[in-house]
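In: Return atomic coordinates for the entry below.
(chains A and B)
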Amino acid sequence: MSRRLPPTDVVVVGLGWTGSIMSYELCRAGLRVTAIERGPWRDTPTDFPPTTAPDELRYSIRHDLFVRPAQETLTFRNTMNQTALPIRRWGSFLPGNGVGGAGVHWNGQTWRWHPWDFTFHSSSVARYGADFLPQDHMMQDWGITYEELEESFDRFEYLCGISGKAGNLGGQLQPGGNPFEGSRRRDYPTPPMQMTAAPQLFAKAATELGWKPFPQPSANLSQAYTNPYGCKLAPCTYCGFCERFGCGNFSKSSPQTCVLPVLVRHPGFEARTECQVTRVNLSRDGKRATGVTYVDTAGQEWEQPAALVLLCAYQLFNVRLLLLSGIGKPYNPATGEGVVGRNYAYQVTGGATGFFGQDKIFNPFIGAGSVGMVADEFNADNFDHGPAGFVGGASLACILTNGRPITNRPVPPDTPRWGSEWKRATRDNYNRWAAVGLQGSVMPYRGNYLDLDPTYKDSNGLPLLRMTFDFPENERKLSRFAVDRCVEAVRAMGAHTVRRNEISGPYSIVPYQSTHNTGGAIMGSDPKTSVANKYCQVWDVPNVFLSGASLFPMNAGFNPTGPVGALAYWAADAIRDRYLPNPGPLVPA
Amino acid sequence: MPDAPTSRRLLLSATALIALGGPAAARSIRGALPWSPNEAYPPPRVTAGGWLYFTAEEAASIEAIANRLIPADALGPGGGEAGCAIYLDRQLAGPYGSSSWLYMQGPFARGTPEQGLQDERPPAALYRQSLSAINAHCRARFGGRAFPALSPEEQDALLHAIDEGRSGIAGLEDKPFFEMLLQNVMEGFFADPIYGGNRDMAGWKLLGFPGTRYDYREMLDRPNQPYRDPPVPLSGLRAASWQVAR
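Out: Take a look at the predicted model:
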């Protein structure tokens, strides 16, 4: 039997980036906020001191910070005519767990997406015609523009203290920044990171190729910084333990370093950890949420009544919670109708690894998640797609994040995988490789979607989420095109041998690719084709708001955390300024 | 991975929700950042003394295999000498060996390669079955000699056959076993020495990886220059001469 708790104003599901930002903004607006987190409490001195943080086996290989599949996972298949099987061990992506969520173990690459990204459908039709778009696409605009989100991007960058160089200040192009970016009101809060050897070489080569390289906007900080909440960050030490690790130096922006110190002290706030929300409860007519039900680690079920429910879990788990709660009509790929689960997208990754001669010493262990140089010539609509024959694009970058030895010791093609020859090649090349990588967009398609699995259940006996996904031909063309550009860059850097890393065969959940899962509960301007309106408010249940990358109708050639953070501020503002004075739908359906 | 701090956390949290009207193992946090000194549980250092999971023959087989996958030569010690078998023994005795963090509910089906791991046998059981199959095959084929007693050339030939999926050994699934074995031996050679392998930081010295130094800012103004300082493991400088007694 579930026990009923005293009501609160706002219940927040998941205490990562968006949960902590929205919790604090609503606490400051005078609301009582209860955040419920599936995983444990985590903070810097307790969990990531420099004496234990740099442990490759524990964090990178055994996945200490991620949700354990024994607790919650999903099932996977490439196509609808296959039987989905559970992802028993994480591979392709690594969902976070615990306080801070994926904001603990990210690399810190922080982008504003392009103005084009938000109108990717209408802009593509206008420039290339509807016949140019790929077969079975589900492209549709976001219902919000870059210009509307600009202030929210700015606030997230100043929350994090992002280190970077503006490329477009109020319409004026700035030398040294990204010439393709949308107009911004002011420069980044801190200057770019100092570059290591490989990115410097890439910048030189890219310039020779006619590109305009610029520093990766970085949530690993170039200098000490105090954010608008009064939280303090320290300069990065280039330790090479970013992605998959917590930062022991307070130098990586995270909920721990940027929000939690003030949020936890706020008298209106309470966090409950190691409590898994199993459903959002609805009124009898299904039009209003009454709170959430969760299960603690002793198996006791609790009901937490609330006037407002914010779903701030990771993209996959937000979609699952909507489906488990019966909020929104589930998407049906056979008819194309329904909204929850549609527009699931992922990320095209790959690039080229170059091997260099004795004159180069790259010291790959001197790195950070966002120390590198980027070229944006082939992203978004920054080039003519007509001759290329696909929609979407990719950013290209030389970011040497680490030289962690279990994972990151590439050898030239045709080297044996073991034995004396492998050992010599490993030693000879460890210090003499550099990679140019790409992050490519993925368009939404009719057959790529999320629903509930008919067979497999989690530890609470509830159905797992089921993912059906493969890379369509449009994305395979993009992969070949962008990898060709990476190969050009690595050759221009002077590599004697180059290894191509591109999409081949069906999408596989085994090798790590990217924890950039998007879509499934998208925002839009029509309740027939989206779950939420432009304020991230669920069309069917107006006192439920969504956050995170599940809102994205597509995935772009950049990392998702920038727009994830911006949308959290955007939605919190909408709740405070529009919803609270007049609770109800903020956009007429 | 260690379990003790989890129980400390549960203990701490067991009292936290009493105000809500009942016992709960969850935790309520408000008013201040919770922190207890030394709560960050470092992994316990692997200590000497026998095998926790392997039989003597299994341990000798893994040492012999590790010495072929990573041979001792002019560049440094081999995988067996570097402690890969001790590393793997301790891993198999813990949550990795039993797959206790993984989703292990049925029904089990073979699936496509893209669907990844679908074997219901955890690594500890897979090693037991596979090493037993390999040694039975060796005894029958090489005049009663188990794998450790074969010549390096015979060992290499057999490992190549398993790697390429053509060993024909009854009771052995060549490819999945070899992938797991190669991954685990490399982990043992390159993971922090606190886990029992990478003895005297042999793996890190091979590469020139400085370990857990954690601050390289002084090198930023010297691109393309070699890094000279010797590696440091999690347990600190003294561990540079640390060895697992056998």
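
In: wait, A:Gly91 sits on A:Tyr512?
Out: Yes - A:Gly91 is within contact range of A:Tyr512, at 6.2 Å (criterion: C-beta atoms under 8 Å). Quick note: C-beta positions are derived from backbone N, CA and C, even for glycine.

In: Is B:Glu58 part of a helix or strand, or is it coil?
Out: When classified by DSSP: H, G, I helix; E, B strand; the rest coil, B:Glu58 comes out as helix.

In: show me the contacts for the closest residue to it other than its chain neighbours.
Out: The shortest distance from B:Glu58 to any non-neighbouring residue, by C-beta to C-beta, 6 or more residues apart in numbering or on different chains, is to B:Leu131 (5.0 Å). Applying C-beta atoms under 8 Å, 6 or more residues apart in numbering or on different chains to B:Leu131 gives the contacts B:57-58, B:61-62, B:147.

In: run the last query once more with 10 Å
Out: By C-beta atoms under 10 Å, 6 or more residues apart in numbering or on different chains, the residues touching B:Leu131 are B:54-55, B:57-62, B:65, B:146-147, B:172, B:177, B:181.

In: Kindly report the same for A:Val371.
Out: By C-beta under 10 Å, 6+ apart, the contact set of A:Val371 is A:107-108, A:163, A:192-196, A:198-199, A:215-216, A:218, A:220, A:222, A:236, A:238, A:240, A:242, A:398-401, B:220.

In: Buried ones among those?
Out: Neighbour-count burial (16 or more other C-beta atoms under 10 Å in any protein chain shown) applied to these gives A:107-108, A:163, A:192-196, A:198-199, A:215-216, A:218, A:220, A:222, A:236, A:238, A:240, A:242, A:398-401.

In: centre of the chain versus stretch A:489-506, how much separation?
Out: Its chain's C-alpha centre and that of stretch A:489-506 lie 25 Å apart, by C-alpha atoms, centre = their mean, to the nearest Å.

In: And for stretch B:222-229?
Out: 30 Å.

In: Likewise for stretch A:573-587?
Out: 27 Å.

In: Enumerate the positions of that stretch that are buried.
Out: Result for stretch A:573-587 [16+ other C-beta under 10 Å]: buried residues A:573-576, A:579-580, A:585-586.

In: Nearest to B:Ile86 among those?
Out: A:Ile575 (55.8 Å; C-beta to C-beta).

In: ok so, going back, which of the helices or strands spans the residue nearest to B:Glu58?
Out: Assigning secondary structure by DSSP states H and E places B:Leu131 in helix B:123-141.

In: same question for that helix, mean pLDDT?
Out: If you average the pLDDT over helix B:123-141, you get 98.

In: same question, stretch A:324-339
Out: What stretch A:324-339 shows for mean pLDDT is 97.

In: Please list all residues in contact with the residue nearest to A:Glu270 when sequence neighbours are not counted.
Out: Distances taken as C-beta to C-beta, 6+ apart put B:Arg30 closest to A:Glu270, at 4.4 Å, once the chain neighbours are dropped. Shown in contact with B:Arg30 (C-beta under 10 Å, 6+ apart): A:34, A:264-272, B:16.

In: What about residue 153, how many residues nearby?
Out: By default, I'm working from chain A. Neighbour count of A:Phe153, defined by other C-beta atoms under 10 Å in any protein chain shown: 25.

In: hmm, I had chain B in mind actually
Out: 9.

In: can you pull the contacts of it?
Out: By C-beta under 10 Å, 6+ apart, the neighbours of B:Glu153 are B:Arg68.

In: Quick check, pLDDT for it.
Out: For B:Glu153, the pLDDT comes out at 98.

In: what do you get for the one 3 residues further on?
Out: At B:Asp156 the predicted local distance difference test score is 98.

In: For residue 79, give me the pLDDT.
Out: Defaulting to chain A. We have a pLDDT of 98 for A:Thr79.

In: that's the other chain; I wanted chain B
Out: At B:Gly79, the pLDDT recorded in the model is 98.

In: How much space separates it from A:Ala568?
Out: Counting by C-beta to C-beta, to the nearest Å, the gap from B:Gly79 to A:Ala568 is 48 Å.

In: before we move on, back to that, out of the buried ones among the contacts of A:Val371, which are inside helices?
Out: Per DSSP state H, helices hold the following members of the buried ones among the contacts of A:Val371: A:198-199.

In: out of everything not next to it in sequence, what's closest to A:Leu396?
Out: A:Leu396's closest residue in space is A:Ala375 (C-beta to C-beta, 6+ apart), at 4.7 Å.

In: So what would you say the end-to-end distance of stretch A:532-552 is?
Out: Taking C-alpha to C-alpha, to the nearest Å, stretch A:532-552 runs 11 Å from one end to the other.

In: hmm, back to that, dihedrals phi and psi, the residue nearest to A:Leu396?
Out: phi -120, psi 130 (degrees, to the nearest 10).
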